[in-house]
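Quick one, what's the 3D model for this:
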Amino acid sequence: MSNSYIENSNLTNLSAVSNIDSRTGLRLEKTFLKRITDRYQRNIQISTNLQNQLLYQKNTSTLSYRNRTFIYNFLPLLPI
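Below you'll find the predicted structure:
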């Protein structure tokens with residue numbers, strides 16, 4: 001047995017990761033009110049909350065097979 005090391009080129013590399021997690025949204029609300037003083041009142045409220053989320057990840061490395069980009073764009077949340 002010799003005391004020498006064998007270089008493993010798959011383990012020796014430089015890498016960097018960039019992450020973006022962005023969530024945007026808009027809330028809309030409208031209230032309709034019909035009222036007769038001291039007798040009658042009716043309220044109708046309509047609201048919605050529009051949201052979208054973007055996840056982005058980019059890996060860069062000196063090894064070409066480790067260079068990857070992932071983009072996930074989630075569908076909007078639309079409760080009424």
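
Low-confidence ranges, this protein, go.
1, 76-80 (pLDDT under 70).

show me where the protein has strands.
For the chain, strands defined by DSSP state E occupy the ranges 15-36, 40-61, 68-77.

partners of the first one in the sheet?
Next to strand 15-36 in the sheet, as set by DSSP bridges, lie strand 40-61 (antiparallel).

what does the strand it pairs with rub up against?
13-35, 66-80 (CB atoms under 8 Å, 6 or more residues apart in numbering). In short, each C-beta sits where N, CA and C put it, glycine included.

Grab the nearest non-local neighbour of Arg23.
Gln53 (4.6 Å; CB to CB, 6 or more residues apart in numbering).

Dig out what the one you found forms beta bridges with.
Residues in beta-bridge contact with Gln53 (DSSP bridges): Arg23, Phe74.

Check the gap between it and Ser22 for me.
7 Å (CB to CB, to the nearest Å).

Please identify which of the two sits among more neighbours.
Ranked by neighbour count (other CB atoms under 10 Å), Gln53 and Ser22 place Gln53 first, with 15 against 10.

how far away is that one from Leu75?
9 Å.

What's opposite Asn19 in the beta bridge?
Gln57.

Stretch 35-45: end-to-end distance?
The first residue of stretch 35-45 is 14 Å away from its last residue (CA to CA, to the nearest Å).

Off-centre distance for it?
Distance, stretch centre to chain centre, for stretch 35-45: 42 Å (CA atoms, centre = their mean, to the nearest Å).

Give me the buried positions along it.
When burial is assessed from 16 or more other CB atoms under 10 Å, stretch 35-45 yields no buried residues.

Next, Ser4: phi, psi?
phi -110, psi 150 (degrees, to the nearest 10).

Near it, how many other residues are there?
Neighbour tally, Ser4, other CB under 10 Å: 5.

before we move on, what about the one 4 residues further on?
Other residues within reach of Asn8 by the criterion other CB under 10 Å amount to 7.

Right, I'll leave it there.
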